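J.: The following comprises the amino acid sequence and a computationally predicted model.
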Amino acid sequence: MTVAHLNAAIELSRSELREFYEDFAHCLDTESLEDLPGFFTEQARYRIIPRENYDAGLEHAPIYCSSRAMIHDRIVAIREAALYQPRSLRHFISGPRVLETLADGSFRTTANFLIIESLLEAESQILMVGEYFDEIERVDGELLLRDRTCVYDNYRIRTTLVIPV
Amino acid sequence: MTVAHLNAAIELSRSELREFYEDFAHCLDTESLEDLPGFFTEQARYRIIPRENYDAGLEHAPIYCSSRAMIHDRIVAIREAALYQPRSLRHFISGPRVLETLADGSFRTTANFLIIESLLEAESQILMVGEYFDEIERVDGELLLRDRTCVYDNYRIRTTLVIPV
Amino acid sequence: MTVAHLNAAIELSRSELREFYEDFAHCLDTESLEDLPGFFTEQARYRIIPRENYDAGLEHAPIYCSSRAMIHDRIVAIREAALYQPRSLRHFISGPRVLETLADGSFRTTANFLIIESLLEAESQILMVGEYFDEIERVDGELLLRDRTCVYDNYRIRTTLVIPV
């Protein structure tokens, strides 16, 4: 492996990270749920958690999955239920950042997310806003999430079901 | 033409696409309407269409232009009318993507858009949110839209006139 | 100094500018106020001003600082007061652009900003939306603001205190 290849393997530019985040978001916006597990490692953890709990170190999360298989099951089930009423979701991502390169070569990263929800017969509204805290591995050149924690700032979620973020 | 030049001609990076989308948005945000036709090919089509119609394959569109000249006329007329009441528009673009390179070397692309409207004596609000579906050509090195379809998720538009998107 | 180095010194790509803007925003979102003065030159001016005043050439600004030291004092004071009621802020930046390279090698730049505020027991809302008008110098390879003017479109600010933008 040349130095250039090695660097490609151990580095993560912000623009590559931005595109990765936007790919994930696009997958949700287009309801391509079958593609979503492909963003995660097999043993990945996926959580959606209110900021209050996160800051207090509390583990309670409206969505908590501890493997890719569980992510698949939960996300599809939740999304299908949540979409019973026709709606469009639209993600806006800003400020992707590599916070740290871990000893094993994976990355701790973050970004801001904003999700706008449009329902029939209602104004478009902010569904959720917050921050991703992720751990990302590079496997065979591809980025994969081994831990995604979506920390939302909202006081409450306006729907009874939390959709994937 | 070297291979490098050829690649430059036939490829479109996501960061170049992002900048193109943001240039277009900036043109609208700054009300530089005289510059807008310059983003289109002469025979370009430009549509703004609600998602419901788009998904159903219906052609009805609040704005439908079938040439650059028509784009110029319509956009200026609509914008001037819509701006009779002083307002600021601000675009936020996320997730630009090249969906496909077509046989003739042009690109099918998409991105999410969010437009925030600020009026006197009112809270700033979401005016429109949705997705671009575009076809883009590279002409003499410059990107040009030959087809822009703005599909908005909103149930309704809060103004009587649809502004360019 | 080679030509390549010289170009690196005098040029500013849009992706570098984007990252600079997002770094600044991240600093505010994470309340890392001690890091904020480091984004400015010593003699920097920092203003937050409503669009109406800005367009009319009026100087009245809810925040006006004329040096890095003053920025530090004001920002910390204002932010601490404004944060008495727990809240989360989240910045979304779109459309960074280099408008002009000035004779001394510094840059006039702009970008759109959107700040979403989340309070306890309230829906997340648009706190502020508008445009940065900046002058940026490159000092020892690092970008520094020597003038930041945040022009907000909102008719009014929903809080009694203007937070840094």
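T.: Great, that's in hand.

J.: A:C27: which element?
T.: Using DSSP states H and E, A:C27 sits within helix A:14-29.

J.: could I have that helix exported to CSV, CA atoms only?
T.: The C-alpha trace of helix A:14-29 is given here as CSV (Å, rounded to 0.1, in the frame of the first residue of the first chain):
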residue,chain,number,x,y,z
ARG,A,14,-15.2,17.3,5.3
SER,A,15,-16.6,17.2,1.8
GLU,A,16,-16.6,13.4,1.8
LEU,A,17,-18.3,13.4,5.2
ARG,A,18,-20.9,16.0,3.9
GLU,A,19,-21.7,13.7,1.0
PHE,A,20,-22.1,10.7,3.3
TYR,A,21,-24.5,12.6,5.5
GLU,A,22,-26.5,13.8,2.6
ASP,A,23,-26.7,10.3,1.1
PHE,A,24,-28.1,9.1,4.3
ALA,A,25,-30.6,11.9,4.4
HIS,A,26,-31.6,11.4,0.8
CYS,A,27,-32.3,7.8,1.6
LEU,A,28,-34.8,8.9,4.2
ASP,A,29,-36.3,11.7,2.2
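
J.: now the end-to-end length of stretch A:157-165.
T.: 12 Å (C-alpha to C-alpha, to the nearest Å).

J.: Now do the same for it: mean pLDDT, whole number.
T.: Stretch A:157-165 shows a mean pLDDT of 74.

J.: re the thing from before, residues making contact with the helix holding A:C27?
T.: A:32-33, A:35-36, A:39, A:88-91, A:93, A:96-98, A:107, A:109, A:111, A:113, A:132, A:136, A:143, A:145, A:163-165, B:14-15, B:94-97, B:112, B:131, C:15, C:19 (C-beta atoms under 8 Å, 6 or more residues apart in numbering or on different chains). For the C-beta atoms, the positions are set from N, CA and C on the backbone; glycine is no exception.

J.: so that helix versus helix C:14-29, what angle?
T.: 70 degrees (axes from the mean of the first three to the mean of the last three C-alpha atoms, to 10 degrees).

J.: And the residue of chain A found nearest chain C, how far from C:E31?
T.: Residue nearest to chain C within chain A (C-beta to the nearest C-beta): A:D153, separated by 3.6 Å. Separation of A:D153 from C:E31 (C-beta to C-beta, to the nearest Å): 13 Å.

J.: Which one's more surrounded, those two?
T.: The neighbour count for A:D153 versus C:E31, taken as other C-beta atoms under 10 Å in any protein chain shown, is higher for A:D153 (23 against 14).

J.: Need the pLDDT of the residue of chain A closest to chain C.
T.: A:D153 carries a pLDDT score of 94 in this model.

J.: right, and it touches C:S124 too?
T.: Yes - counting by C-beta atoms under 8 Å, A:D153 touches C:S124, with 6.3 Å between them.

J.: For those two, list the residues in contact with both.
T.: By C-beta under 8 Å, 6+ apart, the residues touching both A:D153 and C:S124 are A:V129, C:I116, C:S118.

J.: Adding distance to C:R68, neighbour count and secondary structure, write the residues you listed out as a markdown table.
T.: Output for the shared contacts of A:D153 and C:S124, formatted as a markdown table (distance: C-beta to C-beta, whole Å; neighbours: other C-beta atoms under 10 Å in any protein chain shown; DSSP: H, G, I helix; E, B strand; the rest coil):
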| residue | distance to C:R68 | neighbour count | secondary structure |
| --- | --- | --- | --- |
| A:V129 | 31 | 23 | strand |
| C:I116 | 28 | 24 | strand |
| C:S118 | 30 | 23 | strand |
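
J.: quick one: stretch A:137-156 to chain centroid distance?
T.: 5 Å (C-alpha atoms, centre = their mean, to the nearest Å).

J.: Name the residues of it that are buried.
T.: A:137-138, A:143-155 (16 or more other C-beta atoms under 10 Å in any protein chain shown).

J.: Check stretch A:62-69 too.
T.: So, applying 16+ other C-beta under 10 Å, buried residues of stretch A:62-69: A:I63, A:C65, A:S67, A:R68.

J.: next one: stretch A:30-46
T.: A:L33, A:L36, A:P37, A:F39, A:F40, A:T41, A:A44, A:R45, A:Y46.

J.: measure that stretch end to end?
T.: Using C-alpha to C-alpha, the two ends of stretch A:30-46 sit 20 Å apart.

J.: quick one: that stretch near chain B?
T.: No - applying C-beta under 8 Å from any C-beta of the partner chain, one finds stretch A:30-46 out of contact with chain B, separated by at least 8.9 Å.

J.: Let's test this: mean pLDDT of that stretch, rounded?
T.: Averaged across stretch A:30-46, the pLDDT comes to 93.

J.: same deal with stretch A:125-143?
T.: Per-residue scores along stretch A:125-143 average to 96.

J.: what about A:D134, how many neighbours?
T.: Counted with other C-beta under 10 Å, A:D134 comes out at 25.

J.: what's across from it in the sheet?
T.: A:D134 has these beta-bridge partners by DSSP bridges: A:T109, A:R148.

J.: now do A:F92
T.: Residues in beta-bridge contact with A:F92 (DSSP bridges): A:L114.

J.: dump the residue contacts of it.
T.: Applying C-beta under 8 Å, 6+ apart, the residues contacting A:F92 are A:F113, A:L114, A:I115, A:I116, B:F92, B:S94, B:G95, B:N112, B:L114, C:F92.

J.: now do 6 Å
T.: A:L114, B:F92, B:S94, B:L114, C:F92 (C-beta atoms under 6 Å, 6 or more residues apart in numbering or on different chains).

J.: With A:F113 instead?
T.: Per C-beta under 6 Å, 6+ apart, neighbours of A:F113: A:I93.

J.: rerun at 7 Å
T.: Applying C-beta atoms under 7 Å, 6 or more residues apart in numbering or on different chains, one finds that A:F113 lies in contact with A:H91, A:I93, A:G130, A:Y132, A:V165.

J.: most surrounded residue in those?
T.: For the contacts of A:F113, neighbours tallied by other C-beta under 10 Å; top is A:G130, 26 neighbours.

J.: Can you name the residues bridging to that one?
T.: Bridge pairing for A:G130 - DSSP bridges - gives A:F113, A:Y152.

J.: burial count for the residue nearest to A:I126 when sequence neighbours are not counted?
T.: Leaving aside its sequence neighbours, A:I126 sits nearest to C:S124 (C-beta to C-beta, 6 or more residues apart in numbering or on different chains; 4.8 Å). Using other C-beta under 10 Å, C:S124 has 24 neighbouring residues.

J.: So what angle separates the directions of the helix or strand hosting A:I126 and strand B:125-139?
T.: Under the criterion of DSSP H and E, A:I126 resides in strand A:125-139. If you take the same axes, to 10 degrees, strand A:125-139 sits at 50 degrees to strand B:125-139.

J.: That concludes my questions; thank you for your assistance.
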